[in-house]
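Trainee: Below is the structure, and that's it, no one-letter string:
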């Protein structure tokens, strides 16, 4: 890993035995050296984890110092005690870095319906606080400590030059390979920058970026109980609020950073053999485009066809047809990996073995579905569905 | 097979080489000896087959005599020529039985995007018309000729005694194991009775019954381009319109018949190892209950857990949580196969190996999810998701 990380942050990842019978890292601490603005977007699942309830009450806000993350136990479906434990985790993290009690956020991922082993967690927080460092290794350890079934840590960064010559950095780390609770679970994302942002603009910017990226991915379409994206802005590199061109390029960089991280999740989906990018264009509204793209992305028949390297235009077009969005089916066209397969409501003749070979030999698969209802479009990312995914999600108890 | 079938209907199933390199039956003809009322409910997919477009224009209506069905080619995504061919199929069927040109319906299932081999179809219709008979064998042949990946024909019947002592019969045949276009596809259902019904009441009754049965099943949740349920009422056994108790018990029998047929479809789902019945109760509206049940039914994580005999309450409760229906998550309770696993928003202690063994040893799996938002409920049926399903839907091209 070689990644730029923003100024004024330190990181740690330790093992504190929340994941038993292993030495895998299971507790991460990300700290801003100075009070920061923090924003957050969270799962829309009504059944949500205690950390989500707590973080929602603290973001957007100013004066935040840290986020503590544990993997192995999700602290979801754990009732009052779960909320007490989540609150205690943030208080312990704050105390360990000498910050006010309510100045930390918390994220958890893993088995749901199980209470956290709080003694282990408390020890882990102490260990992590001692190891905090502004180094690539520490950043990498924190990213590792968030992982559940992920096969690799997921990090990305962007560096920008402001008009006044100062340099600001955005970085992020995330985890996610499927919603697999109660055994494993969830997408978690931590974003940070050394630029300064007020809480409300930070929240608005985060919501826009997440909407176009983290809310445009799926593995199997299950919205986890604990999905969270948190965003820290501490102003260490550039204390004055960004304006004009700086602000515009900052928001663009945040969007790109989120996209880079978001794509890593379906690409590391459980058992995945193809990463599928779905472009839907020519819609009346962006919401229409998203609904169609999502219906295609989550369709088991589309996903299994791509797993089998089948350019199955019929399943893709049909999945668009029942998405609940009105459109003229006589004006639908589709390309797969650049090959035109369907035009104006009718299948085109094409060299099936050639297109099939192209799908088989490329992990990246690209659908371009165009309607003629308007000018709105969206890009969505998903994974294929393999027998290995089913094995991972059905054989784990035996 | 030993099934009662209503008076005044004849049946045939023949092979006419729409399914090549096989002797499998691929064309069915169901004929009412007298003009009948016909009702129909069809796919909501915007991309729908030519037979759906044609049948929609003829139902509900009176004076219908026949339905001709072919399997092997779906006649969907076939443009103007597809509609011409569908119309021609009904004209040929009508002519072969000496009925007016527009008095037949048509159903097709199989590969989409391919034109029908009309010479074969025409020959098949002639052969079928010659073989028409009111026998169990003929009924069984017709049910066989509708099949695609179904492992067995699906038929059911009910016989009722009216208050005046006359006996009326309801019977049905259906096919469906997954929406698998463009290789195979679709749910098709033909219902018939020898009672008399006017078109509008027949349509209303069919819509209510289909809504509670055929619209409450899923295999993988993909709405096919060709789903159709058609219902004939010819009045041969009881020419006077049903009233009072007779009408009430008739509608109840129609509902039960539809339920019996509907359950057969996920139970014969591709690669299925468990048939799952989902009861959702305590909802504000029936639509809420259905939306929650459907979200659970189509969740790959729920389906793979049951495949693996895992009493995974977390996946089930979480799938309810993101169904888009507001409810108090602190008042959710769940039983699986009668075992209470979750009560008032919290997991209960339970003997996991015992419940797991119970799931493993029983093909029938039962979820009972209860909320406390109202008194509405629904029952939904689905299949589990197995590696065999993925194999069937990804390896078919190689």
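Mentor: That came through fine. As the structure is a prediction and not an experimental result, all values here were calculated from the model.

Trainee: low-confidence ranges in chain A?
Mentor: A:1-3, A:177-186, A:220-221, A:223, A:395-398 (pLDDT under 70).

Trainee: Looks like residue A:209 contacts residue A:251 (just checking).
Mentor: Yes: using C-beta atoms under 8 Å, residue A:209 is in contact with residue A:251, at 7.4 Å. No exception for glycine: its C-beta is placed from N, CA and C like everyone else's.

Trainee: what about these two, which has more around it?
Mentor: Shown here are residue A:209 and residue A:251; by other C-beta atoms under 10 Å in any protein chain shown, residue A:209 has more neighbours (25 against 17).

Trainee: Next SSE downstream of the helix or strand the more buried one falls within?
Mentor: Using DSSP states H and E, residue A:209 sits in helix A:199-212. Next helix or strand after helix A:199-212 toward the C-terminus (DSSP H and E): strand A:217-218.

Trainee: contacting residues around that next one?
Mentor: A:262-263, A:265-266, A:294, A:297-298, A:380-383 (C-beta atoms under 8 Å, 6 or more residues apart in numbering or on different chains).

Trainee: chain center to it: distance?
Mentor: Averaging C-alpha positions (C-alpha atoms, centre = their mean, to the nearest Å) puts strand A:217-218 9 Å from its chain's average.

Trainee: Residue A:237: neighbour count?
Mentor: By the criterion of other C-beta under 10 Å, residue A:237 has 19 neighbours.

Trainee: tell me the SS of it?
Mentor: Following DSSP: H, G, I helix; E, B strand; the rest coil, we place residue A:237 in the strand state.

Trainee: Quickly note the distance from the residue lying closest to it once chain neighbours are set aside to chain B.
Mentor: Closest residue in space to residue A:237, ignoring its immediate chain neighbours: residue A:194 at 3.6 Å, by C-beta to C-beta, 6 or more residues apart in numbering or on different chains. Noted for residue A:194: a distance of 35 Å to chain B, by C-beta to the nearest C-beta, to the nearest Å.

Trainee: Determine the three-state secondary structure at residue A:194.
Mentor: Assigned by three-state DSSP, the conformation of residue A:194 is strand.

Trainee: residue contacts, it?
Mentor: Residue A:194 neighbours (C-beta under 8 Å, 6+ apart): A:6-9, A:168-169, A:233-238.

Trainee: do the same with residue A:47
Mentor: A:76-77, A:225, B:317-318, B:320-321, B:329, B:332.

Trainee: By proximity to chain B, which residue of the stretch 1-150 of chain A wins?
Mentor: residue A:47 (3.4 Å; C-beta to the nearest C-beta).

Trainee: Backbone dihedrals for residue A:49, both of them.
Mentor: Backbone torsions of residue A:49, given as degrees, to the nearest 10, read phi -70, psi 160.

Trainee: Quick one: name the residues of the stretch 1-150 of chain A near chain B.
Mentor: Contact residues, the stretch 1-150 of chain A versus chain B (C-beta under 8 Å from any C-beta of the partner chain): A:43-48, A:76-79, A:112-113.

Trainee: Okay, and which of those residues map to helices?
Mentor: If you go by DSSP state H, the residues of the stretch 1-150 of chain A next to chain B have residue A:79 in helices.

Trainee: Output the residues of the stretch 1-150 of chain A next to chain B in TSV; the columns should cover distance to residue B:67.
Mentor: Listed next are these as TSV, based on distance: C-beta to C-beta, whole Å:
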residue	distance to residue B:67
A:43	48
A:44	44
A:45	45
A:46	45
A:47	46
A:48	50
A:76	51
A:77	50
A:78	56
A:79	56
A:112	50
A:113	51
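
Trainee: In PyMOL, how would I select just the buried ones from the residues of the stretch 1-150 of chain A next to chain B?
Mentor: In PyMOL, this line selects whichever of the residues of the stretch 1-150 of chain A next to chain B come out buried by 16 or more other C-beta atoms under 10 Å in any protein chain shown:
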select buried, chain A and resi 43+45+46+47+48+76+77+78+112+113
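
Trainee: Would you map the strands across the stretch 151-300 of chain A?
Mentor: A:154-161, A:167-175, A:188-195, A:217-218, A:228-238, A:275-283 (DSSP state E, counting those that start in this stretch).

Trainee: contact partners of stretch A:283-297?
Mentor: A:216, A:218, A:221, A:276, A:278-281, A:302, A:316, A:319-320, A:322-325, A:327, A:367, A:369, A:371, A:373-374, A:376-382.

Trainee: helix or strand for residue A:128, which one?
Mentor: With DSSP H and E as the test, residue A:128 turns up in helix A:118-131.

Trainee: before we move on, the earlier item: compute the number of surrounding residues for the nearest residue to the residue of the stretch 1-150 of chain A closest to chain B once chain neighbours are set aside.
Mentor: Nearest-residue entry for residue A:47: residue B:321, 3.4 Å, with adjacent residues in sequence omitted and distances by C-beta to C-beta, 6+ apart. Using other C-beta under 10 Å, residue B:321 has 24 neighbouring residues.

Trainee: ok now do residue B:321, which residues does it touch?
Mentor: So residue B:321 contacts A:45-48, A:223, A:225, B:329 (C-beta under 8 Å, 6+ apart).

Trainee: if you set the cut-off to 6 Å instead, what comes out?
Mentor: Residues in contact with residue B:321 (C-beta atoms under 6 Å, 6 or more residues apart in numbering or on different chains) are A:45-47.

Trainee: thinking residue A:214 is in contact with residue A:262, fair?
Mentor: Yes: if you go by C-beta atoms under 6 Å, residue A:214 and residue A:262 touch, sitting 4.9 Å apart.

Trainee: ok, these two, which is more surrounded?
Mentor: residue A:262 (27 against 22).

Trainee: Can you tell me how far the closest residue to that one other than its chain neighbours is from chain B?
Mentor: Of all residues not flanking residue A:262 in the chain, residue A:213 sits nearest, at 4.0 Å (C-beta to C-beta, 6+ apart). Noted for residue A:213: a distance of 19 Å to chain B, by C-beta to the nearest C-beta.

Trainee: For stretch A:7-25, measure first residue to last.
Mentor: End-to-end span of stretch A:7-25 (C-alpha to C-alpha, to the nearest Å): 24 Å.

Trainee: Quick check: buried residues in that stretch?
Mentor: The neighbour-count check on stretch A:7-25 (16+ other C-beta under 10 Å) flags A:7-19, A:25 as buried.

Trainee: Identify the bridge partners of the residue nearest to residue A:207 when sequence neighbours are not counted.
Mentor: Nearest residue to residue A:207, sequence neighbours excluded (C-beta to C-beta, 6+ apart): residue A:41, at 5.8 Å. Beta-bridge partners for residue A:41, by DSSP bridges, are residue A:229.

Trainee: who's in contact with residue A:41?
Mentor: A:206-207, A:210, A:229.

Trainee: want to throw those residues into CSV with neighbour count?
Mentor: Shown next, in CSV, are the contacts of residue A:41 (neighbours: other C-beta atoms under 10 Å in any protein chain shown):
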residue, neighbour count
A:206, 27
A:207, 17
A:210, 24
A:229, 27
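
Trainee: Same list (the residues you listed) but as CSV, adding distance to residue B:255.
Mentor: Formatted as CSV, the contacts of residue A:41 follow (distance: C-beta to C-beta, whole Å):
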residue, distance to residue B:255
A:206, 50
A:207, 47
A:210, 46
A:229, 47
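
Trainee: wait, isn't residue A:155 in contact with residue A:143?
Mentor: Yes: contact criterion C-beta under 6 Å: residue A:155 and residue A:143 qualify, at 5.1 Å.

Trainee: what is in contact with those two at once?
Mentor: Jointly contacting residue A:155 and residue A:143 under the rule C-beta under 6 Å, 6+ apart are residue A:173.

Trainee: which residue sits closest to residue A:386 in space, ignoring its chain neighbours?
Mentor: residue A:271 (4.3 Å).

Trainee: Around the one you found, how many other residues sit close by?
Mentor: Neighbour count of residue A:271, defined by other C-beta under 10 Å: 21.
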